[in-house]
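Asker: Fold the following and give me the result.
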Amino acid sequence: MDTIWQPALDPEVKPKYRGVVQAIREGIGKGALKPGDKLPPVRDLGWRLGMTPGTVARAYTVLTDEGVLNAEVGRGTFVAGPARRERPLNLIEEDAVVHLTGGIRIRSTCSRRICPMAGRRG
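Answerer: Below you'll find the predicted structure:
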């Protein structure tokens, strides 16, 4: 089922993708978005919000990694059911690990099992 949900973004929240993440969480919390609801495609939501599809895609990815959303190739992105929303305890927060590669900052999420050095300072 498609949703006509339109997020209300807080202009004070930066970067923009975090505002989208916050709006989706609030929509779920207030019952405007229910498990199984289909979210708008990233291009459509980006156009409606006046931001790039990449910004919306990053927000969807953060929430998918947390188990709040469920992305299905060719079908879309959906609000996950309660059992799926349990967040793994071994994840480091988004943007917590910063890698410097050739002068370009790359931010990523990393599992402590995969990146045991992530929490150490050198």
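Asker: list the contacts for Val56?
Answerer: Tyr17, Val20, Val42, Leu45, Gly46, Leu49 (CB atoms under 8 Å, 6 or more residues apart in numbering). Bear in mind the C-beta positions are built from the backbone N, C-alpha and C, glycine included.
Asker: Secondary structure element holding it?
Answerer: helix 53-65 (DSSP states H and E).
Asker: buried sites along that helix?
Answerer: Thr55, Val56, Ala57, Arg58, Ala59, Tyr60, Thr61, Val62, Leu63, Thr64 (16 or more other CB atoms under 10 Å).
Asker: Farthest-apart pair in those residues, please.
Answerer: Greatest spatial distance among these (CB to CB): Thr55 and Thr64, at 15.1 Å.
Asker: Including pLDDT and distance to Ile24, could the buried residues of helix 53-65 go into CSV?
Answerer: Output for the buried residues of helix 53-65, formatted as CSV (pLDDT from 0 to 100; distance: CB to CB, whole Å):
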residue, pLDDT, distance to Ile24
Thr55, 96, 13
Val56, 96, 10
Ala57, 96, 13
Arg58, 97, 12
Ala59, 97, 7
Tyr60, 96, 8
Thr61, 96, 12
Val62, 96, 9
Leu63, 96, 6
Thr64, 96, 11
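Asker: if we can go back for a sec, who wins on neighbours among the contacts of Val56?
Answerer: Highest neighbour count within those, by other CB atoms under 10 Å: Val20, with 26 neighbours.
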